[in-house]
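>>> Build the 3D model from these lines:
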Amino acid sequence: MKLNAIVLAAAIVACTSNISGSFAQEKKEVPAYKILDLPRVNLKKFKKNKQGAYILFDGTSLEGWRGYDKTVVPKKWVLDDGAIKFDSQANVGKDEGGDLIFAYDFKNFELELEWKVAKGSNSGIFFLAKEVEGQPIYISSPECQVLDNENHPDAKMGVDGNRKSTSLYDMIPAKPQNAKPYGEWNKVKIVVNNGKVEQWQNGVKVVEYTLWDQSWIDLLQKSKFSETKWPLAYELLKNVGGKSKSGVIGFQDHGNDVWFKNVTVKKL
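Numbering: from 1, shown residues only. I've put the predicted structure just below:
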């Protein structure tokens, strides 16, 4: 009996070793990446409103803005009746698109803006983002979804509506879902304060979460940015903002017409 027990124990150890080895082989390595150090603006040059918030866009100029991973504003981002517009029909060449950022690293802040979309349009608002060479902005940034909920297929994807307007994209659904239809302006506020994040839509807090703790890791692991699905995104997003816990604010080029206006940021 003792001999059999020893043989059985050895077999269990061998099987366990094989399983561990299999898991080790399946685990994907994080590829090398480079965070770019591109020009930043002097925020003190920008005016403040009565509430003490910096006016990042005054309706007349794209000063302070440029393309993500670029030094200029892509030509598909234009001024349109007091708003920043991504013009999908602009005949300027396929290389003149890309995400748009305000070139300043914010840490604790209150971002307010208004957005509207054309029928069937999709976009996003990013924050605490890093500029990672050759990678999309959302690989390092939470995304506050911008969407025509009624006409874009992404609204029916994900889990429990977590890809609808002002949701934390693919992680937390905005509840209640109070977005206005395409062609109408929606007001959004994003508050980031020492890792505590609130996302507001049309005057109502619809999403709340905490960065960098276990709850954040759990959200990532259940999303498209999990360690097994997208190792580099997981590595960057679990440490959103990097060592400085800060990053740029940006708007997404998803190939669809979208407008943003009245963009302000109050430092906290």
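
>>> Sketch out the low-pLDDT regions of the chain for me.
Scanning the chain for pLDDT under 70 picks out 1-27.

>>> those strands in it, which residues are they?
Counting by DSSP state E, one finds strands in the chain at the ranges 54-57, 65-67, 77-80, 83-86, 100-106, 109-117, 122-129, 143-147, 186-193, 196-201, 204-210, 247-251, 258-267.

>>> Distance to residue 92 added to these, as JSON lines?
Heads up, the C-betas are built off the backbone N, CA and C, glycines and all. Below are the strands of the chain laid out as JSON lines (distance: least, Cβ to Cβ, whole Å):
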{"stretch": "strand 54-57", "distance to residue 92": "21"}
{"stretch": "strand 65-67", "distance to residue 92": "13"}
{"stretch": "strand 77-80", "distance to residue 92": "9"}
{"stretch": "strand 83-86", "distance to residue 92": "12"}
{"stretch": "strand 100-106", "distance to residue 92": "14"}
{"stretch": "strand 109-117", "distance to residue 92": "21"}
{"stretch": "strand 122-129", "distance to residue 92": "18"}
{"stretch": "strand 143-147", "distance to residue 92": "22"}
{"stretch": "strand 186-193", "distance to residue 92": "27"}
{"stretch": "strand 196-201", "distance to residue 92": "32"}
{"stretch": "strand 204-210", "distance to residue 92": "35"}
{"stretch": "strand 247-251", "distance to residue 92": "17"}
{"stretch": "strand 258-267", "distance to residue 92": "17"}
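
>>> could you dump those strands to CSV with mean neighbour count and distance to residue 237?
As requested, the strands of the chain are exported to CSV (neighbours: other Cβ atoms under 10 Å; distance: least, Cβ to Cβ, whole Å):
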stretch, mean neighbour count, distance to residue 237
strand 54-57, 20, 24
strand 65-67, 22, 22
strand 77-80, 16, 25
strand 83-86, 22, 24
strand 100-106, 22, 17
strand 109-117, 21, 19
strand 122-129, 23, 10
strand 143-147, 25, 10
strand 186-193, 19, 15
strand 196-201, 19, 13
strand 204-210, 17, 12
strand 247-251, 25, 11
strand 258-267, 21, 22
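
>>> Alright, calling it a day.
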